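J.: need coordinates for the following:
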Amino acid sequence: MERKFQISQELVDFSKLCAALSNTTRIAILEKIANSESCITGDFMEMGEVSKFTVGQNVKQLAKLGLINGSFTKKTMSYCINYEKLEEWKKEVDELFNSWIKNKDKVNPTNAPCSNEEC
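T.: Below you'll find the predicted structure:
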């Protein structure tokens, strides 16, 4: 018997966000922006060991996913966290994890390793 399941667009979008946050440079960029008292300007391209090119590519990816917003003037670029998108993503994470653990007390209340008879 073949078991099939559908992958929803929501799961595809969610996995893209997870992939974005699986990158240390992107997390460092988000952390730097989030810990700033205002939007970050072009000077944040200086991130120690990471090249400007690498930072720029990762900023583009974060912006493409909507996790940061950017504004551009003739001389500078400024970035801020897109808090709306971040809250949306947090909600999705909470919902996903809650869906995974909803049956834990019925299926495996002692959290013991699963044997073929139990699964």
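J.: in the chain, what spans have low per-residue confidence?
T.: Residues of the chain meeting the criterion pLDDT under 70: 1-3, 42-47, 73-74, 116-119.
J.: scan it for its longest helix.
T.: If you go by DSSP state H, the chain has its longest helix at helix 83-101.
J.: quick one, strands of this protein?
T.: 40-41, 68-72, 77-81 (DSSP state E).
J.: among the ones you listed, which comes closest to residue 61?
T.: Closest approach to residue 61 among the strands of the chain (Cβ to Cβ): strand 68-72, 9.7 Å. All C-beta spots, glycine's among them, are computed from the backbone N, C-alpha and C.
J.: can you tell me the strand partners of the closest one and which way each runs?
T.: strand 77-81 (antiparallel) (DSSP bridges).
J.: buried residues in the strand it pairs with?
T.: Going by neighbour count (16 or more other Cβ atoms under 10 Å), the buried part of strand 77-81 is 77-79, 81.
J.: which one of those is nearest residue 32?
T.: Closest to residue 32, out of all of the buried residues of strand 77-81 and judged by Cβ to Cβ, is residue 79, at 9.4 Å.
J.: test my guess that the closest one contacts residue 60.
T.: No. Using Cβ atoms under 8 Å, residue 79 is not in contact with residue 60; the gap is 10.9 Å.
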